[in-house]
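Colleague: Predicted structure and sequence below. I'll ask about it afterward.
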Amino acid sequence: MHHRRLAAFLIGSWLLGSLCMFFVATQNFRGVERLLDAPSAAASDRIDALGKEDARLLLRYQVSELNRFFFSAWERLQLVWGAILVMVTLRGSQRLHVLAIPVLMLLMVAVEHWLLSPEINRLGLLMDFVPNARESAEGVQFWRYHQAYSAMEVVKFLLGIAFASLLLIRRRNRRLFRKQVQPEVEVIHDT
């Protein structure tokens with residue numbers, strides 16, 4: 001019983017963290033454009049002195065560094081969270097298909113952390129101050145790795161939802177079982 005609650009807390013936290021990271025990933029670079037489109041008066045003077053394109057490159061570099069830090073920290077947290085979830089699920093369920101989901105999610109994080117992220121970071125560093133970097137050979141490779149990473153994130157998120165659903169469905173079925181059996185037990189007990 002307590003294993004299911006702990007597993008539900010862990011998967012819920014993991015899914016919430018993923019949603020936060022989806023938001024961070026999409027909004028950080030958009031923030032650069034929002035800032036350049038409507039800077040404060042003090043920022044406008046500095047942007048004009050630097051030049052809008054150089055300011056864009058510098059701000060995008062800052063965002064890239066933040067994203068590299070955030071994603072690295074998030075991946076490390078997911079590795080710990082995933083290992084704990086696998087152990088809790090292993091102790092709480094003997095059903096192989098239930099255990100397979102957090103194991104698969106943990107393996108996906110490991111692939112992201114040790115295979116995809118290092119290449120994304122290496123290529124990203126090469127592109128940081130290159131205008132039109134998307135069109136370079138490094139940019140093409142970067143976006144392939146980035147798309148693979150993003151696809152894994154979506155699949156991992158959907159697996160997390162499936163796992164949470166399994167936890168809820170099993171709990172609900174258990175309640176239904178109690179409701180059906182409980183009245184019969186009370187009738188027998190009263191006699």
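Modeller: Ah, there it is.
Colleague: which regions of this structure lie under the pLDDT threshold?
Modeller: Residues of the chain meeting the criterion pLDDT under 70: 1, 94, 170-191.
Colleague: Which parts of the protein are helices?
Modeller: With DSSP state H as the criterion, the chain has helices at 2-37, 41-50, 52-92, 96-111, 117-127, 137-190.
Colleague: Now that we have those, can you turn them into JSON lines and tack on mean neighbour count?
Modeller: For every residue, glycine as well, the C-beta is placed using N, CA and C. Shown next, in JSON lines, are those (neighbours: other C-beta atoms under 10 Å):
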{"stretch": "helix 2-37", "mean neighbour count": "15"}
{"stretch": "helix 41-50", "mean neighbour count": "11"}
{"stretch": "helix 52-92", "mean neighbour count": "16"}
{"stretch": "helix 96-111", "mean neighbour count": "17"}
{"stretch": "helix 117-127", "mean neighbour count": "17"}
{"stretch": "helix 137-190", "mean neighbour count": "13"}
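Colleague: Name the nearest residue to L10, sequence neighbours excluded.
Modeller: L85 (4.5 Å; C-beta to C-beta, 6 or more residues apart in numbering).
Colleague: F71 now?
Modeller: Once flanking residues are discounted, F71 sits nearest to S117: 6.5 Å by C-beta to C-beta, 6+ apart.
Colleague: That neighbour: what's it in contact with?
Modeller: F71, S72, E75, Y149 (C-beta atoms under 8 Å, 6 or more residues apart in numbering).
Colleague: Reformat those residues as CSV; add distance to R30.
Modeller: Putting these into CSV (distance: C-beta to C-beta, whole Å) gives the following:
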residue, distance to R30
F71, 17
S72, 21
E75, 23
Y149, 19
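Colleague: For L6, see how far away the one residue sitting closest to the centre of the chain is.
Modeller: Centroid check for the chain by C-alpha atoms, centre = their mean gives S18 as the closest residue, at 3.0 Å. Going from S18 to L6 by C-beta to C-beta, to the nearest Å gives 19 Å.
Colleague: Could you do V154 as well?
Modeller: In this view, V154 and L6 are 26 Å apart by C-beta to C-beta.
Colleague: Also A100?
Modeller: In terms of C-beta to C-beta, A100 sits 19 Å off from L6.
Colleague: which residues does the residue nearest to L10 contact?
Modeller: For L85, the contact set (C-beta under 8 Å, 6+ apart) comprises A7, L10, I11, W14, P102, M105, L106.
Colleague: S93 is in contact with the fifth one, correct?
Modeller: Translated: P102. No: P102 lies out of contact with S93 (C-beta atoms under 8 Å); the separation is 10.1 Å.
Colleague: hmm, back to that, just put the contacts of L85 in TSV and tack on distance to F29.
Modeller: Shown next, in TSV, are the contacts of L85 (distance: C-beta to C-beta, whole Å):
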residue	distance to F29
A7	35
L10	30
I11	29
W14	25
P102	31
M105	27
L106	29
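Colleague: Determine how far the last residue of stretch 131-141 lies from the first.
Modeller: Stretch 131-141 has an end-to-end distance of 16 Å (criterion: C-alpha to C-alpha, to the nearest Å).
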